[in-house]
Each structure stands twice: as structure tokens, then as C-alpha cells.
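Chemist: Got a predicted structure plus its sequence, pasted below:
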Amino acid sequence: MNLYEMTAHRLHDLLARKEITSRELTESVLKRVEEVEGRIHAYITLTPDMALEQAVAADLRIQKGEAEPLTGIPLAVKDVICTRGVRTTCGSHILENFIPPYDATVTEKLKAAGAVFIGKTNMDEFAMGSSTENSFYGPSRNPWDLDRIPGGSSGGSAAAVAADECIVSLGSDTGGSIRQPAACCGVVGMKPTYGRVSRYGLVAFASSLDQIGPFSKDVRDTALLLNAISGHEPRDSTSVDLPVPDYTRALGGDVRGMVLGVPQETFGKGIDPEVAGSVREAIEVLIKLGAKIVDVSLPHSDYALAVYYIIAPCEASSNLARYDGVKYGFRAGGGEDLLDMYQETRWQGFGAEVKRRIMLGTYALSAGYYDAYYLKASRVRTLIRKDFEEAFRRCDALILPTAPTPAFRLGEKVDDPLQMYLSDIFTIPCNLAGLPGLSLPCGFTGEGLPIGLQILGNFFQEEKILRVAWAFEQNTEHHLRKPIL
Amino acid sequence: MEYEPVIGLEVHAQLLTRSKIFCGCSTLFGAEANTHTCPVCTGLPGSLPVLNQKVVEFTVRAALATRCKIAPYSQFARKNYFYPDLPKGYQISQYELPLSTDGYVEVQVDSQKKKIGLIRIHMEEDAGKLLHDLSSERGASSYVDFNRTGVPLIEIVSAPDIRSPEEAAAYLRKLRAILMFLDICDGNMEEGSFRCDANISLRPKGQKAFGVKTELKNMNSFRNVQKALDYEVRRQTALLDQGDRVIQETRLWDAARGVTASMRGKEEAHDYRYFPDPDLVPLVIDPQWVEKIRAGLPELPDQKKGRFIRDYGIPEYDAEILTSSKALANYYEECLRTYNQPKIVSNWIMSELLRELKRDEREIEECPVPAGNLAEMLKMIEEGVISGKIAKSVFEEMYRTGNRAQEIVKEKGLVQVSDTSTIEKAIDQVLAANPGEVEAYRKGKDKVFGFFVGQVMKATQGKANPALVNELLKKKL
């Protein structure tokens, strides 16, 4: 087995035992990137020089016996997370030349842990999309089928892990942007509870929904990465001051006696039969492992998509106002006056989907519409959260599909935003409620496309999710399959 | 027709916190452009605001001092608009749920007391500053200085309770004094730490409904506020008298021309699309904390005024003026520590000292005569070292040079002459030189006595002790 194919925890063992060096490992990953990146396009910016320097530093640390679980491990970061001195584009033309003078909290933490930064991954512009086709830098491709999308918006981070172009990666999830691409690419992806991971340095799309989370090749690596990035931080007022457990301790238990709820609403409309079949099989596996399955109802989930497409664009319309050509990023020339400069900069600097959402949000917040849209959506959002609270009174976790279909073809939905939005129908309610959720591989279609199983937990109960996911993974082999590239 | 002005004022006061409202940058005024900045206050992608607790404390102080209610639960909101001095494209402010509401400030105009209601006091961040260079080598250029971005402000919105430009000025003076007594604002109008916008409409006397209002901006002194409102009263009166309508609009005060002029659509009809800021959690205020702040409030202008009347026995008019600023009140009390004659000290401050300061447009903080020096001089009058008349010129000299009274008196030989023989000598000379007047006086023309006094004083260059002159003259005549 090549080094680049391995998991972080296995590589950590090899590094700690000095059987390999981080330099060798990093070179192996960089070589892999060279081989396949032309076909995948997982990255917007590669940082091989920085990676090698960090690898050398990591080796020194390992020599001294000071290796942490991620010391010397090559990883990738979604291009919406600020990295000091390395351009951070958010997949947008408007930030094409933006080089942050500071690190996001998660970047700081991973640097302190001794991780090796391979590069910044591709994404839908400002994390708006489900396919990475909205990237100004061109789409990423699904390693399982190069004609298909890797999901989105964190498609680059998911594809990079699936194609072994990094060992683990970070994404961000506003309405499913970690879980849906994880499902499409056959990897593990997790959105932690809102407030678990600091958002400082995460370029905002929808502030009340955004959350950073890990991608990995197995559940243990997700737990390791979550350990490294979680925790309260004073620079993010919405980060929650609760102690962070060692998530790897949640691995190893079984699911005997756990009560898992299956939302009745999920197997209705629009779900691909192969996806439904795989998820049902997964439920059978969990039953065999001793879990108790109960039906639950999330009656307000029907409104989740509508609520999301009010709240998220409203927040986005305000969050994206700072890209005005005055201070940083792209500025259009040739205008007559200030208004011209604003309009041309934003017209040329943003892509169609971003503009669509800015307009939606601006409209919904306008005088006379606020109550009917934003306020009403906020109220329904509360009802959606209450549905979950009700369900979690009876259940330890919820089980449902991650996405209604496997990865679709490039171009298939670009002209039909509504169809595109439906890709996130199973992931959005969790963001609106602020709950943690994880997707892991639970099967493949006849054509060999991965299918994702979604596990949702109660607030700050990531451990229960990880326990279920780990038990499932231990008893199945879906995660071991690799795409042929 | 006779109209009644209806005026409401919006005051923006910069708080004297050391750091900005949502980041740790310094709030110091006058630094080199863009040196007090960070990713948060320049709105870099990914940065997040964190509320400065001191700002909340200062705002609670202002709210308590103006008898406002403190909301147990309040919220920050985003006010969305584009302008180059606003790096995020929105200002973090408070909208639906401000920190405090419903208070009042008591003012006194023409010895009439009146309560001016406060609708709300809320917190917000200041914007940056634009600098325009029309003669730059690259052609006309504009620059942005973000040092001021994120400096904490409170917005204090009065009810439309004000009925005259004089009342407006009195309200502003009082409000500014309160904030300065609280040590939460330096009150500097020129540097913009205390700014005021006004809403004004007219209605026929006796009518309840409000007329159409205009909003006045760009008034950077109390005098300008009053002048702008005076102008607007005249302008609106003329319009209404002609049967024209007042247009609801924003007008800028042009101090040089002494007129208000329409801003004409430049910023017309903004829809700020307020919504709760998702980056900041709702603000929950602990009532015990509020009580702690209340217990630590300093003496406020009205309390101080009451104490001055009670303890020093000075008239209300004097007390009102002496407590109009904390520095002036301190000056007064410092004088009393050396020379405990409250009314005499008050007279000297209110007439001589304030006149000099006003002429030079100086604040009491810039007064060249330290309180102790003034008190020393007053003591010298009491002790008969100098006469009251000489004292006035001594004081002018003290103000001009900053020297102490003793030095000036010594240097110029102004010590009062109380030596009987010197005065008698002068009297003898005067009487000898004016035999006609002596005779007239002796025939009963009392009025001439004043003439003799004047002549004797003249002969002694004003230094003779007037009481002694009187006494000795009577004896000799």
C-alpha cells in the first residue's frame, strides 16, 4: 500500500515508530497530486514548498518524541478558510488575489499540531452550491466517475481525500456542504454542532449556519481531526464554552441498546431507489448489531428547504457586501464614479449563483418583506429545531440518507437551480437546528457510485454519532473501496 | 400664523473606552492613518466581532444617569448600506431590541424646568474617515482611514419634546455634561466625539398633530445647532405662511453661509435592511451588575447643583452655571478650599473668569489661572493687601501671564497703601489745591465728598485703602 492511501492514525503509528518520515509521506502525497490532479482538479492553490518545510519541521518534532496525532500528516483546507500568506479565494473571482494576513483559528490549531498543508481545495463560489460547478476556477471531478460532480460546496476537499491527494481535509457545511460531497465521493465527512468549532477565519456565507468540519478516509480520522479543531474560542462569540471530550474514546463501543430514529419523511419523494435500498440495508446492519430502530417524525422538515433559502441568502447578502472593490480583492476599472465601481466590481466579480442569492436575500430583507420572509422563516426554523428536540427525547441518533441521489453528471443541474437545491434536502434541516451530523459510505450503486449514510445527533453529542458510525464501519467494508484512477 | 417648533435630537457620543467596540484596537484620536486597525475593524473576510464589555458598562452608566430602563435582553443588528468608509458593507448597531429605553433629561430654560424624554440609548460602531486629495499625481484620489472604524458610539434619541432652539441647546449642554460627569465621553464636538442631528417640524400653536419634518445634519457646535434650528424655523415658517409645503428631507447646515441646504437625493430613501447580527449572541444583562454600576455612579450635574445651593448657599442661577461642566465645578470647589467665601468666589468665576475664557473661546480646562491662584488673590482683597478695583487688573494680568497675584502686585507696586501719614499727605495736597470745593462741602454740598475721594485715589494711583481715605477725609473736612 502506498503511503498516500493510508489513514492518518495508521500513518501516525508509522511516524511515531520512525518507520517513515513526514518528508517521505509528504513527497508521496505530492507525487500522487501530480499524477491525478489534472483529472480531479481538487485544488485551487497548491503549497508544496510550504508542505515540505512543514514536513521537515514535523520530523524534528517527531524525533524529539513530541508527535501529536496530526504531526506530519498532509492535509488540505477548503479555500474558504483563511491561511496567512496563502491566497484564499472562496472559489470566487472577486477574491482571486486575496492573501489573508492572518490564520483562521482552525488553521492555527492545525499548524500548532504540526500538520502539513498541501493546499487549498476547490469549492462552489462562497460555498454556494452542491457540485463545485459554481467555482470560478472550474469544477472538480468525482474520483469515482470523472464525468460526475464530487458534490459541493466542499467538493474539492472530498475529492482530494477520495483521490488520495491528501490524508484528511477540512470543509465547511452550511446546508450539507461537507456531508453531501462526502457521500458523493465515498468518504467520511462531519459537520459538528454549531458552536463546537470556531468560525474565526472562516469566510462567512451564512453565519448562523456555517460550521467547519473534517473529511477523512475512516471514522477514527474524523474523530482525530475533530479533536484538533474543536473548542471554545473568544474570537468567535458564537463558539460554545463546553469542554471538548477526546472523540476517539467514543470509538470502540457498540450500538447495543442504542435507540436510532428513522425519520419517516425521508423515504418519500424524490429519493433514488438504489440510495433508499442501501440505507435500508445499513439500517439492517445496525439492527443486527443490537440497535433499536424507531420511527420518528420531523413534520416541519418539509419547510426546511424554503426556510433555508430565505435565511441563508439574507445573511449572505449582508456578509458579501464587504466585497466592494475598495479594500482588497478584485476591482473593476473604468467606471465614472463610486456607484459605477461598486456595480461593475460586483457584476464582474461574482458568479451567477452568488448574484442570485444576494438578490434573493436583499429582497427578503427589504422594508415591507422582512416580516413575511426573514421573520417567518426564523419562526419556522425554531419549529424545525423543536421537531429534532422532540425526536432526541426518544433517540440517541437519527439515521437517514445523506443525499437523495448519488453524484449526478457535470452540467446536469446547472441550469436548474431548484433541482440543484434539492440535493441538500436531507442535510439542510440539521444546519437549521444547529445539530451535528456525519456522512459515511454505506454502499455503491450498480454503476459503482458511492452512497452515503447520514447520522445526526443531539447538540454536542458528536460522540454518539461517532460511536454509531464506527460500529457500522467496523462491520462493513464500503470504506475500504477505492476509486480506480 | 403662529407656529410651534417640534424638535427631536439624535446624539452620537463616542465612548472613552481604550479599545474599540468589537476588537482590541486602540481608540486614540489623531494617530497615523490605518495604524489602529486589525482584520476585524477593517472587515477582512472571515473576521468576527467580539463585544467589548466596557462599552456595555459605559452605556449602562449613561442609561442610569438619564433614568432609562435597561433591557434584560437586547440584540445587535446589522444596518446594511454601501460606503467606502464602512468596511463590512454594514454597520453593527442595535435596532429592534436596544440596550436601554424610556428615560429623560431635565433642562432649565429661562428658569423654567422641563423634562425632555429619551426614546432610547443604543450601542453601535463608528465608521472610518474619507480623505480626498484633488491634486494627487494620480488625479483626484480618495483615501480611507480605518482608525475610527469600530470606535464605540452610543446613539441617544430624544423624544420630540423640544419646543425651541434654546431648549435644544440646553438639552445638548445638559446631556453632554452628564456624559462628561460620567467619564464616558470627552464631549469634544470639533473632533466629533459628540455629534448631533436634529429633526424639526412646525405646527400651528395648539395643534396636536405633527407637521412634516426635516432632518438637519453637519452641525458641529452648540451654537451651530441653535443657529441651524433658528434658520429652519424661519425657513419653514416662511414656506407655511406662503401656503407651501415642507418637504421631508435631509438638509445640511452650511455654517459659512448660515443656511441649511437640501442634500438632494444623494443618500435618498435608504432601506437599511436591518436584521439581527448572527455573529453576536444576544446580550443578557444581569440586574445585579446593573445595581453595582448604579452604586458606582458619580455625582451628576443636578445632584451637584443641589448640593452647591444647599451647602454653599449660592443662588440657583450661580449653581446652574457652575455645574454646567465637571471641570468648572471642580475649579469652583478647589477655590473654596483655599478661600471659603462661596458667593465671592462664584461672582469672580462667573463674571471675570468666564468672560475672559469666552472671549478666547477657551474651555475651563485650558484656563491659565489655576484655581489656587484665584483663591489667593481673593484672600489678598479680604486681607486689604489690594483693593477690589486693583484686583481686577491684577486678575487680567494673572490670566495673561499665568503668574501668581503676589508676584504681579509686588512687581508693579500695587500693594494697597494703608499708611495713615501717606494718605494724610495726599489729602492735604488735594484739599489745598481745591479750596472752592472745600468751601462748598463745608456749606453742606455733600456730593463733593466723592470728588475728593476720587482725587485722593488718583494721587495715590488707586493704591490707597478706600476705607481709610473715607475716614481720614471726613476727619480733615
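Modeler: Okay, I see it.

Chemist: Not counting sequence-adjacent ones, nearest residue to residue 334?
Modeler: Because you didn't say which chain, this covers chain A. residue A:344 (7.2 Å; Cβ to Cβ, 6 or more residues apart in numbering or on different chains). C-beta: built from backbone N, CA, C; applies to glycine.

Chemist: Actually, chain B is the one I wanted.
Modeler: Closest to residue B:334 by Cβ to Cβ, 6+ apart is residue B:371, at 3.7 Å.

Chemist: ok, that neighbour touching residue B:331?
Modeler: Yes. Between residue B:371 and residue B:331 there is a contact under Cβ atoms under 8 Å: 4.8 Å.

Chemist: Helices along the stretch 351-477 of chain B, start to end?
Modeler: Listed in chain order, the helices found in the stretch 351-477 of chain B under DSSP state H, counting those that start in this stretch are B:354-359, B:371-382, B:388-401, B:405-412, B:420-433, B:435-442, B:448-459, B:466-476.

Chemist: Apologies, that question was intended for the stretch 151-300 of chain A.
Modeler: A:155-162, A:179-185, A:219-229, A:273-288.

Chemist: Distance from the longest one to the middle of the chain?
Modeler: Between the centre of helix A:273-288 and the centre of its chain there are 23 Å (Cα atoms, centre = their mean, to the nearest Å).

Chemist: could you give the mean pLDDT of that helix?
Modeler: For helix A:273-288, mean pLDDT rounds to 96.

Chemist: Tell me the buried residues in that helix?
Modeler: Across helix A:273-288, burial judged by 16 or more other Cβ atoms under 10 Å in any protein chain shown covers A:274-276, A:278-279, A:282-283, A:285-286.

Chemist: Just the closest of these to residue A:89, please.
Modeler: residue A:275 (32.7 Å; Cβ to Cβ).

Chemist: Can you name the residues that contact residue A:116?
Modeler: A:22, A:25-26, A:51, A:54-55, A:58, A:72-75 (Cβ atoms under 8 Å, 6 or more residues apart in numbering or on different chains).

Chemist: For burial, what's the neighbour tally of whatever residue of the stretch 51-200 of chain B ends up closest to chain A?
Modeler: Using Cβ to the nearest Cβ, the closest approach of the stretch 51-200 of chain B to chain A is made by residue B:89 at 2.5 Å. Neighbour count of residue B:89, defined by other Cβ atoms under 10 Å in any protein chain shown: 21.

Chemist: Pretty sure it sits against residue A:324.
Modeler: Yes. Residue B:89 is in contact with residue A:324 according to Cβ under 8 Å; the separation is 6.2 Å.

Chemist: Quick check: neighbours shared by those two?
Modeler: Contacts common to residue B:89 and residue A:324, judged by Cβ under 8 Å, 6+ apart, are residue B:82.

Chemist: Endpoints of stretch A:319-339, how far apart?
Modeler: End-to-end distance for stretch A:319-339, by Cα to Cα, to the nearest Å: 19 Å.

Chemist: And for stretch A:90-103?
Modeler: 15 Å.

Chemist: Mind listing what's buried along it?
Modeler: Buried residues in stretch A:90-103, counted by 16+ other Cβ under 10 Å: A:90-95, A:98, A:100, A:102-103.

Chemist: got the contact list for the residue nearest to residue A:334?
Modeler: A:332, A:334-335.

Chemist: Among the residues you listed, name the buried ones.
Modeler: Looks like these have residue A:332 buried, using 16+ other Cβ under 10 Å.

Chemist: Please name whichever of the contacts of residue A:344 scores lowest on pLDDT.
Modeler: residue A:334 (78).

Chemist: So that one, which state does it fall into?
Modeler: Three-state assignment for residue A:334 (DSSP: H, G, I helix; E, B strand; the rest coil): coil.

Chemist: Let me know the secondary structure of residue B:119.
Modeler: Criterion first, three-state DSSP; result for residue B:119: strand.

Chemist: Identify the residues contacting whichever residue of chain A sits closest to chain B.
Modeler: Nearest residue of chain A to chain B (Cβ to the nearest Cβ) works out as residue A:321 at 2.5 Å. Counting by Cβ under 8 Å, 6+ apart, residue A:321 makes contact with B:80, B:82, B:88-90.

Chemist: Let's see which of the contacts of residue A:116 end up in helices.
Modeler: A:22, A:25-26, A:51, A:54-55, A:58 (DSSP state H).

Chemist: follow-up on the earlier one: would TSV of the buried residues of helix A:273-288 with distance to chain B be doable?
Modeler: Listed next are the buried residues of helix A:273-288 as TSV, based on distance: Cβ to the nearest Cβ, whole Å:
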residue	distance to chain B
A:274	38
A:275	33
A:276	35
A:278	36
A:279	33
A:282	35
A:283	36
A:285	39
A:286	36
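
Chemist: Adding distance to residue A:349, write these out as a markdown table.
Modeler: Shown next, in a markdown table, are the buried residues of helix A:273-288 (distance: Cβ to Cβ, whole Å):
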| residue | distance to residue A:349 |
| --- | --- |
| A:274 | 40 |
| A:275 | 37 |
| A:276 | 41 |
| A:278 | 41 |
| A:279 | 41 |
| A:282 | 43 |
| A:283 | 46 |
| A:285 | 48 |
| A:286 | 47 |
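
Chemist: Get me the contact residues on chain B for chain A.
Modeler: Remark: the part of chain B in contact with chain A comprises B:39, B:42-51, B:78, B:80, B:82, B:84, B:87-90, B:144, B:271, B:273-275, B:278-281, using Cβ under 8 Å from any Cβ of the partner chain.

Chemist: Tell me how many other residues crowd residue A:242.
Modeler: By the criterion of other Cβ under 10 Å, residue A:242 has 14 neighbours.

Chemist: Pick out the residue closest to the middle of the chain.
Modeler: In the absence of a named chain, chain A is used. Centroid-nearest residue in chain A: residue A:178, 2.1 Å away (criterion: Cα atoms, centre = their mean).

Chemist: if you could check chain B rather than the one you did, that'd help
Modeler: residue B:173 (5.1 Å).

Chemist: Tell me which other helices or strands the one helix or strand that one maps to touches.
Modeler: Assigned by DSSP states H and E, residue B:173 belongs to helix B:165-181. For helix B:165-181, the elements it packs on are strand B:3-14, helix B:53-65, strand B:100-109, strand B:112-125, strand B:194-204, helix B:222-241, helix B:301-312, helix B:326-338, judged by 3 or more Cβ pairs under 8 Å, 6 or more residues apart in numbering or on different chains; DSSP states H and E.

Chemist: in the stretch 1-150 of chain A, which segments are predicted with low confidence?
Modeler: By pLDDT under 70, the stretch 1-150 of chain A has no low-scoring segment.

Chemist: quick one: the helices in it?
Modeler: So, for the stretch 1-150 of chain A - with DSSP H, counting those that start in this stretch - the helices run A:8-16, A:22-40, A:48-63, A:105-112.

Chemist: need the contact list for residue 84.
Modeler: Since you didn't name a chain, this refers to chain A. Residues in contact with residue A:84 (Cβ under 8 Å, 6+ apart) are A:100-103, A:107.

Chemist: my bad, the chain I had in mind was chain B
Modeler: So residue B:84 contacts A:324, A:326, A:338, B:128, B:130, B:142, B:144 (Cβ under 8 Å, 6+ apart).
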